[in-house]
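Participant: I would like to see how this sequence folds:
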Amino acid sequence: MQNDLHEANRLSWNAATAAHNSHKGDQGAFLRNGGSTLYPEEIELLGDLAGLDLLHLQCNSGQDSLSLVRLGAKVTGVDISDEAIAFATRLSSESGIAATFERADLFHWFEGARARGAVFDRVFASYGTICWLSDLGLWARGIASVLKPGGRFALIEFHPFAMVFDETWTPRYDYAPREPVCEAGVGDYVAASGAGLAPNGYEQGVVDFRNPHPSFEFNWGIADVVQALIDAGLKIEHFREYPYANGWVGFEGMRDSGGGRMLPPETMPGIPLMYAIAATKPETTAPVRARSEPIIRPYRAEDRDRLAAIWLSASRIGHPFLGEERLLTQLEMVRDTYLPMADNWVAEVDGRPAGFIGLIDSFVGGLFVDPEIHGAGIGRGLIEHAAARLGHLDVSVYADNASAVEFYRRRGFVETGRQETDDEGLPFAVIHMSRAS
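Facilitator: As a prediction, the model looks like this:
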């Protein structure tokens with residue numbers, strides 16, 4: 001662990017954090033009014049958070065931490081920056097969303113947490129965290145030491161391959177260099193990214209920020225990260241790469257593909273810009289947490305992001321033939337158009353949305369269940385609830401989604417027709433089915 005470089009980074013982040021928040025307006029009001037800074041990818045990766053203790057590593061100014069509280073977690077956020085933790089504490093008070101924030105070098109914080117026996121159901125880190133860690137082995141062992149048996153660590157991070165380039169897409173840096181890279185200081189990436197990192201509206205704030213304190217980055221490769229987690233005794237259960245960066249405009253000519261997902265210029269080939277890892281601590285004798293019976297209720301506006309994440313998780317399993325890019329395009333339509341428009345009913349388990357059905361008159365526009373609890377009768381309950389209200393039901397299902405076709409057949413639906421392309425004209429056959437009153 002290189003304490004002197006960590007201290008230099010603390011000073012650099014103190015200066016940069018004040019500039020970053022100057023562009024984001026009244027964040028307390030944004031959060032009070034139901035705003036969230038999370039993307040569906042994080043929500044999907046973390047899973048159901050209702051009632052769980054969550055440790056947010058390198059939490060920065062607390063916006064994501066408080067958004068996680070809104071999803072039902074009890075959150076502790078840790079960051080090395082004095083300015084970030086002071087701002088997060090004020091933001092918690094101003095928003096009325098309770099969370100605990102602690103200022104510490106992360107490695108020192110792990111030592112104290114072990115001494116007092118602190119443990120968590122979830123540990124989370126996101127976006128620009130790995131590069132500030134001088135020892136990945138200490139980091140991974142620290143995570144393992146504060147995870148409960150069966151607990152999950154979730155990481156979503158910018159891809160180290162992209163860090164080979166400078167802002168003009170010119171190759172400049174080694175992939176995963178062994179020595180820290182000295183920079184002029186943490187820059188004002190919020191100003192460069194605009195609305196992508198200021199979801200409640202970008203404000204000019206500090207102009208032409210120049211950091212008086214240099215910074216030092218440790219650019220680890222993906223193999224370094226994965227091996228550190230394995231060596232710490234964690235089990236890798238999920239790994240995914242993404243051809244976009246959420247919110248961050250780190251290079252020239254980046255373009256928004258929708259919802260703040262930034263792609264390289266069209267003149268460039270697609271490259272990975274983010275990746276995600278989920279790893280668990282092996283179970284010992286920890287009991288399985290019992291779930292209550294589902295409650296079916298009408299859709300509420302605050303369900304939107306959670307239902308969008310369920311849609312994406314379920315669609316990746318049921319419709320992989322559509323491809324990731326098309327699913328992400330459809331995700332924006334689901335979240336911003338279909339959910340507000342349809343007659344939606346939500347299955348809630350333990351106070352948390354676990355699935356939903358979207359109806360247009362008697363047509364089932366969508367039925368999606370969190371893959372983590374497939375087989376618990378959520379889909380069946382939603383169909384029977386709709387049938388009790390409406391009687392006759394119609395649905396259209398991709399023929400390639402054999403499990404969905406069989407599900408509807410078991411629920412009394414019969415095939416009434418078939419078309420060889422979907423509604424977008426793509427070559428995926430669709431089966432039309434109906435269930436009588």
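Participant: counting contacts, what elements does the longest helix along the chain pack onto?
Facilitator: In terms of residue count, the longest helix belonging to the chain (DSSP state H) is helix 3-21. Judged by 3 or more Cβ pairs under 8 Å, 6 or more residues apart in numbering; DSSP states H and E, the packing partners of helix 3-21 are helix 82-95, helix 189-193, strand 215-217. Glycine gets a C-beta too; all of them are placed from N, C-alpha and C.
Participant: pick the most deeply packed of the ones you listed.
Facilitator: Comparing the helices and strands packed on helix 3-21 by mean neighbour count (mean count of other Cβ atoms under 10 Å), strand 215-217 ranks first with a mean of 21.
Participant: other residues contacting it?
Facilitator: Strand 215-217 is touched from outside by 2, 5, 8-9, 12-13, 131-132, 180-186, with contacts defined as Cβ atoms under 8 Å, 6 or more residues apart in numbering.
Participant: direction included, what does that strand pair against?
Facilitator: Neighbouring strands of strand 215-217 in its sheet, by DSSP bridges, are strand 181-183 (antiparallel).
Participant: how about residues contacting the helix or strand following the longest helix of the chain?
Facilitator: In the C-terminal direction, the helix or strand that comes right after helix 3-21 (DSSP states H and E) is helix 27-32. If you take Cβ under 8 Å, 6+ apart as the criterion, helix 27-32 is touched by 21, 63, 66-67, 70, 90-91, 94-97, 199-200.
Participant: which parts of helix 27-32 are buried?
Facilitator: If you call a residue buried by 16 or more other Cβ atoms under 10 Å, then helix 27-32 has these buried ones: 27, 28, 30, 31.
Participant: need phi/psi at residue 235.
Facilitator: Reported as degrees, to the nearest 10, the phi and psi values for residue 235 are phi -100, psi 120.
Participant: can you spell out the domain ranges of the chain, please?
Facilitator: For the chain, automatic domain parsing gives the domain ranges 3-280, 295-435.
Participant: quick check: which of these is buried the most?
Facilitator: Counting by mean count of other Cβ under 10 Å, domain 3-280 has the highest mean neighbour count of these, with a mean of 19.
Participant: from the contacts of helix 27-32, which two are the most distant?
Facilitator: 21 and 70 (19.5 Å; Cβ to Cβ).
Participant: the stretch 201-350 of the chain: strands as residue ranges?
Facilitator: Read by DSSP state E, counting those that start in this stretch, the stretch 201-350 of the chain holds these strands, from start to end of the chain: 215-217, 235-242, 245-246, 255-256, 261-263, 274-280, 295-298, 343-349.
Participant: nearest to residue 327 among the contacts of strand 215-217?
Facilitator: Sorting the contacts of strand 215-217 by distance to residue 327 puts residue 131 at the head of the list, at 29.1 Å, by Cβ to Cβ.
Participant: is the closest one in contact with residue 220, as I believe?
Facilitator: Yes: distance between residue 131 and residue 220: 7.4 Å, which falls inside the contact criterion (Cβ atoms under 8 Å).
Participant: what helices or strands is the helix or strand bottoming out on mean pLDDT in the chain leaning on?
Facilitator: Comparing every helix and strand of the chain by mean pLDDT, DSSP states H and E singles out helix 189-193 as the least confident one, with a mean of 80. Here helix 189-193 touches helix 3-21, going by 3+ Cβ pairs under 8 Å, 6+ apart.
Participant: can I get the helix it packs on in CSV? Just the C-alpha atoms.
Facilitator: Extracted in CSV, the C-alpha atoms of helix 3-21 (Å, rounded to 0.1, in the frame of the first residue of the first chain):
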residue,chain,number,x,y,z
ASN,A,3,0.2,5.8,1.6
ASP,A,4,2.0,8.8,0.2
LEU,A,5,0.3,8.5,-3.2
HIS,A,6,-3.1,7.9,-1.5
GLU,A,7,-2.6,11.1,0.5
ALA,A,8,-1.8,13.0,-2.7
ASN,A,9,-5.0,11.6,-4.3
ARG,A,10,-7.0,12.7,-1.3
LEU,A,11,-5.9,16.3,-1.8
SER,A,12,-6.6,16.1,-5.5
TRP,A,13,-10.1,14.6,-5.0
ASN,A,14,-10.9,17.3,-2.4
ALA,A,15,-10.3,20.0,-5.0
ALA,A,16,-12.0,18.2,-7.8
THR,A,17,-15.1,17.2,-5.9
ALA,A,18,-16.1,20.8,-5.2
ALA,A,19,-15.9,21.5,-8.9
HIS,A,20,-17.9,18.4,-9.8
ASN,A,21,-20.8,19.3,-7.5
